[in-house]
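[1] take this sequence and fold it.
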Amino acid sequence: MRKVKIVMLAVMLHLSTLLMACGTNTTTQETQKETPKVGATQEESPKPVKNPFSINVAISKFTTNAPLFIAMEKGFFKDENLDVTFKFLDSGQAINVAVASGSADVGAGGFSADLYNMISAGEKVVAVADKGREEKTYHYSAIVVREDDSEIKSIKDLKGKKIGLTSIGSANQYNIGMMLEKNGLNSKDVQWVSLNSVSGLLEALKGKNLDVIGLSEPNVSIAIKEGYGKVLAWVSDEISPQSAAIFFSSKFAGNEDASVRFLKAFIKGSRYYYDAVLAKKDGNFVKGSNYEEVIGIISKYSEQPKERITVFPYIDPDGKMNVEDIKEQINWYFKENYIKQMVDPKDFVNTELLEKTLKEMGE
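    This is a model prediction of the structure:
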C-alpha cells in the first residue's frame, strides 16, 4: 500500500512539472508575439496583393502615345500587377472600333465625326482621360500654306480656297472650321478636299496642287524644313480642342479596380513625359533630366529615328480632358451634317474614374 502511495506521489509530481513547463512556454510565446521587433517600420509590413489582370490596348505608333510607351517601358503597369499587351492599329477609327467591339479593353484614339456617329448608332466606348489636346503656347497642329503663296497672309484670306485634309469629319477639319468661324468665315467659304493620307497632303502642297492643308507634327516641321510649306496659323494659338483620349470598353470601365490601376500607371507615364519634354521655365521649354531616356522610349515604340523626335504634343499630366470642347465638337459636326444625330457627352465621358485615381494617388 505504501509503495502505491509513493508511485502515485511521483506521478503527480511529474505531471505538475510538465504543466508548469507548458505554462512557461505559452507565456514566452505570447510575450514574443506581442513584443514588436526592435527597429521595425511600417514599410516592412506586407503590401496588399493586387489581383493580376490582363489588358489589351489598341494603339498606334504615334508620339501622342508616349505616356503609354513610358508606362510599359518603366514598369508602371507591372507595378499595378497588370499584364498589358499593345495591339498596334493604323488609324484612330480602327482603334475606336476595336474598343467598341470589345476586342480591345482600352484604346488610345481620337475624337471625330466617325466616333460620334458610332456612338449615336449605339456602340459603347467610355472616354476617361486626356491623351492629347491643343494647349496655348504648345504648338502641334496647324494650317499650312505654300511657301511661295504670298496671297494668303491671314485666315480671312482662305475664302474660296481648297483646303486639304486626310479625311472629311476629322479633328483637323473641326479645328480649321472653328478657326474660320473665329475669323468671320465658315466652312461653306472654303472647299474641303480629302486625300486620305498625310503623304498625299504633303505631295499636293509640294506639287502646288493645293494651296492649303491641315497638318499635325512632325509633318508641319517636315514641310517647313523641306522649304515648300509655312505655317499660316497654329491651332493652339486660336482654340483649345480636345483631340484625343484614353477610351475604355464598357465592360472594362465597369471593373473599377482594374480601371483605376490602369489609370494610375497612365498618369505616372504622363507626368514622366511632361517632366521630360513639356515643362517650361519663364515661358521657355526646359529639358528634363529624363529627356534622353524618353526620346529613346518614343523612338523604340514609334519606330522613328531619335533625331526626328523633336516636337511633342501637349498631354495633361493629370489626364484631365476639356469636356466643354467635346460638347462644341458635337454641336459643330451636327450643324455641318457630319453626324446624323446629337449625342450627349454624359453618355460616353466618365471623369469619375480619373477623379478616384487622382485621389488615391494623393492629388
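[2] the strands in this protein, which residues?
    53-59, 82-88, 106-110, 126-133, 141-146, 162-165, 191-194, 212-216, 229-234, 242-248, 280-281, 284-285 (DSSP state E).
[3] quick one: contacts of the third one?
    Put plainly, it is strand 106-110. When contacts are defined by CB atoms under 8 Å, 6 or more residues apart in numbering, strand 106-110 is touched by residues 55-60, 64-65, 68, 92-93, 95-96, 98-99, 115, 125, 131-132, 171, 243-249, 252, 262. C-beta coordinates here come from the backbone N, C-alpha and C atoms, glycine included.
[4] the inter-axis angle of that strand versus strand 242-248?
    170 degrees (axes from the mean of the first three to the mean of the last three CA atoms, to 10 degrees).
[5] and strand 106-110, what's buried?
    For strand 106-110, a neighbour-count test (16 or more other CB atoms under 10 Å) marks 106-110 as buried.
[6] still on that earlier bit, need the strands of the chain in a markdown table (columns: mean pLDDT and distance to D257).
    Below are the strands of the chain laid out as a markdown table (pLDDT from 0 to 100; distance: least, CB to CB, whole Å):
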| stretch | mean pLDDT | distance to D257 |
| --- | --- | --- |
| strand 53-59 | 97 | 8 |
| strand 82-88 | 97 | 11 |
| strand 106-110 | 95 | 15 |
| strand 126-133 | 97 | 14 |
| strand 141-146 | 96 | 36 |
| strand 162-165 | 96 | 41 |
| strand 191-194 | 96 | 43 |
| strand 212-216 | 94 | 35 |
| strand 229-234 | 96 | 41 |
| strand 242-248 | 97 | 13 |
| strand 280-281 | 92 | 36 |
| strand 284-285 | 91 | 38 |
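[7] the closest residue to E151 other than its chain neighbours: neighbour count?
    Spatial nearest neighbour of E151, excluding adjacent residues (CB to CB, 6 or more residues apart in numbering): D157 at 6.5 Å. For D157, the neighbour count with other CB atoms under 10 Å is 17.
[8] can you pull the pLDDT of D157?
    What the model reports as pLDDT for D157 is 96.
[9] wait, I222 touches L202, no?
    Yes: I222 lies in contact with L202 (CB atoms under 8 Å); the separation is 6.8 Å.
[10] do you know which of the strands of the chain lies nearest T351?
    strand 126-133 (7.8 Å; CB to CB).
[11] check contacts around S187.
    Applying CB under 8 Å, 6+ apart, we find S187 in contact with 177, 180, 336.
[12] so how do I select the buried members of those residues in PyMOL?
    Here is the PyMOL command that picks out the buried ones among the contacts of S187, judged by 16+ other CB under 10 Å:
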select buried, resi 177+180+336
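[13] any idea which of the contacts of S187 is closest to G296?
    G296 has its nearest neighbour among those in G177, at 37.8 Å by CB to CB.
[14] which one is the closest one nearest to, not counting chain neighbours?
    G177 sits nearest to S187 (CB to CB, 6+ apart), 4.8 Å away.
[15] sorry, back to before: return the distance of the residue nearest to E151 relative to D211.
    Applying CB to CB, to the nearest Å, the value for D157 to D211 is 10 Å.
[16] what do you get for S289?
    The gap separating S289 from D211 is 44 Å, by CB to CB.
[17] which one's more surrounded, the two?
    Between S289 and D211, counted using other CB under 10 Å, D211 has the larger neighbour count: 19 against 8.
[18] for the more buried one, give me the pLDDT.
    91.
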